[in-house]
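Enquirer: Prediction below, plus the sequence it came from.
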Amino acid sequence: MSLQATTWQTVGPYFRIGLEYLNTTDLAPAGTPGEPVTVEGQILDGNGKPISDALIEIWQANASGEYGGTVDNPVDGAATVFSGFGRVPTDDEGRFSFSTIQPGPVAGPSGAMQSPHLAIRLTMRGLLRGLSTRMYFPAETLNSDPILQLVPEQRRATLIATQKPGTPATLQWNIEMQGERETVFFDC
Amino acid sequence: MNQNPDHDELSIGIAAPVVPNSRPSQVTSYRRPYPGTQPEYLHSPYVSSIERAPKQPLIKLPHTLTEVTGPAFAPALVSPKTADLTRQNGREAIGERITVSGRVLDENGKPVRNTLVEVWQANACGRYLHKRDQHDAPLDPNFTGQGRVMTDDYGAYKFLTIKPGSYPWRNHYNAWRPAHIHFSLLGPAFATRLVTQMYFPGDPLLPFDPIFNCTADDKARNRLISQFDWETVLPEYALAYKFDIILRGSDETPFEVQR
């Protein structure tokens, strides 16, 4: 038997009503094993204009590279248990920010290890269907990552966060919907 | 019932298995959509898509552990209160009470158990409780438009709510959205994420709505229209609509993903 998956529709401009109770500015409660990191970025449309009604959802492994966990009610935006899941809307300037721990490497296709990364699901008004992308951490293993190998070399940088100058534990990573630095999105 | 005749024959299957970390290269991929059954990113009648749809082709991602795993959700995220949008602060919201119920299944017909279903909607007058909604229609102090439930062992869910109103938007001259309820589901894996909208049968605005009409396949599109359901009407209390939701199903046979 085969059914067809329900068709997507846009999340629209008012998704906060239904979704914001799970907004997560800190995915990793104190004591979570792993290296703490803050990720900051901005989401821009085809005119370079900030998108103030976008939502990113994060899915990541723990520091040992294992997936799995249970999402419970965050308290003031902070997760009370590390689940690997986070939900972060953009603000009026199209910016987002969250803290977490750096994930460990995860097994990939054909046994090749994947470099540490966050899976990102992006939705917003104007997107009729969600988009998938990834944020990679600066690491020496990037060159051997089996998924980055699928991406044309000149576009790979759009998936790799950069160190924020003067702030060691903070990474910057923007999402651009169109243009010369259009973020790589995956057919996932 | 949903238009798909297969729905009547569903048996209760086994929930999607958890992929163990110890077998790294073997993952069960999720199926890709049938052509035309999902919207294209650029749909110019929906003006907001023009500056926001990616222009570069998407890169096909073989499913890895990252895509085939996903979070579980604590039972404490839902309560009888989150399933009843008609009296969230103890006083009754204004409008026509309705129940919305259905089953969440995967493409293989298996119930998707214990999955979170989040909804949000406008009130009976077509106004959202949101600072950016400036439509000149009254807010209802007793209606937030927010709800959530967890599916049961049969993949079934049910809400009690108020039938949402239609409202104008500025996409084009005299644009009005048909009445709808937004649905968000996580499903068993990050790859099964679904956000959609449920519509109502017989809504005269449906043929004019660029969002409803963004999906090429008319059968897929029409499955977004709920069905009036006499069987689950609450006598002398609330009319009832049925809306089944299908999440992506895994390919039945695990295979090794080739680079």
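Expert: On my side now, so go ahead. Numbering: from 1, shown residues only, chains lettered A, B, ... in the order given.
Enquirer: CA only for contacts and neighbour counts going forward, please
Expert: OK.
Enquirer: how about stretch B:123-143, does it get close to chain A?
Expert: Yes. Judged by Cα under 8 Å from any Cα of the partner chain, stretch B:123-143 and chain A are in contact via B:Tyr128, B:Leu129, B:His130, B:Arg132.
Enquirer: and A:Leu150, how many neighbours does it have?
Expert: Counted by other Cα atoms under 10 Å in any protein chain shown, the residues lying close to A:Leu150 total 14.
Enquirer: Does the closest residue to B:Cys214 other than its chain neighbours lie in a helix or a strand, and which?
Expert: Across the structure, with Cα to Cα, 6 or more residues apart in numbering or on different chains as the measure, the residue nearest B:Cys214 apart from its sequence neighbours is B:Pro39 (5.6 Å). Using DSSP states H and E, no element contains B:Pro39; it sits outside every helix and strand.
Enquirer: B:Pro39 against A:Thr7, yeah?
Expert: Yes. A contact is recorded between B:Pro39 and A:Thr7 when judged using Cα atoms under 8 Å, the distance being 7.2 Å.
Enquirer: Return the per-residue confidence for the residue nearest the centre of chain A.
Expert: With distances taken as Cα atoms, centre = their mean, the residue of chain A nearest its centroid is A:Ile120 (3.3 Å). Per-residue pLDDT puts A:Ile120 at 98.
Enquirer: do stretch A:45-55 and chain B meet at all?
Expert: Yes. Remark: stretch A:45-55 sits within contact range of chain B at A:Asp45, A:Gly46, A:Asn47, by Cα under 8 Å from any Cα.
Enquirer: Could you work out the end-to-end span of that stretch for me?
Expert: 14 Å (Cα to Cα, to the nearest Å).
Enquirer: again, but for stretch B:152-165
Expert: Distances were taken as Cα to Cα; on that basis the terminal residues of stretch B:152-165 are 29 Å apart.
Enquirer: Next, the buried residues of it.
Expert: Buried residues in stretch B:152-165, counting neighbours by 16 or more other Cα atoms under 10 Å in any protein chain shown, are found at B:152, B:154-165.
Enquirer: For those, name the two members farthest from one another.
Expert: B:Tyr154 and B:Gly165 (30.9 Å; Cα to Cα).
Enquirer: ok, which stretches of the stretch 1-150 of chain B are strands?
Expert: Per DSSP state E, counting those that start in this stretch, the stretch 1-150 of chain B has strands spanning B:26-27, B:59-60, B:72-73, B:97-106, B:116-121, B:146-150. These are given in chain order.
Enquirer: Which PyMOL command selects the buried ones in the residues of stretch B:123-143 next to chain A?
Expert: A single PyMOL command is used to select the members of these judged buried by 16+ other Cα under 10 Å:
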select buried, chain B and resi 128+129
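Enquirer: Poorly predicted segments of chain A, please.
Expert: Per-residue confidence for chain A (pLDDT under 70) gives these ranges: A:1.
Enquirer: 80 instead?
Expert: Segments of chain A classed as low confidence (criterion: pLDDT under 80) are A:1, A:110.
Enquirer: Can you get me a residue count around the nearest residue to A:Ala79 once chain neighbours are set aside?
Expert: The shortest distance from A:Ala79 to any non-neighbouring residue, by Cα to Cα, 6+ apart, is to A:Leu27 (5.2 Å). For A:Leu27, the neighbour count with other Cα under 10 Å is 27.
Enquirer: close enough to count as contact, A:Leu27 and A:Gly86?
Expert: Yes. A:Leu27 sits in contact with A:Gly86 when judged by Cα under 8 Å, with a separation of 6.1 Å.
Enquirer: Tell me, how many residues neighbour the residue in the stretch 151-259 of chain B that chain A sits nearest to?
Expert: Proximity of the stretch 151-259 of chain B to chain A (Cα to the nearest Cα) peaks at B:Thr196, 4.3 Å away. If you count neighbours by other Cα under 10 Å, B:Thr196 ends up with 24.
Enquirer: Can you tell me the element it falls in?
Expert: Assessed by DSSP H and E, B:Thr196 sits inside strand B:194-199.
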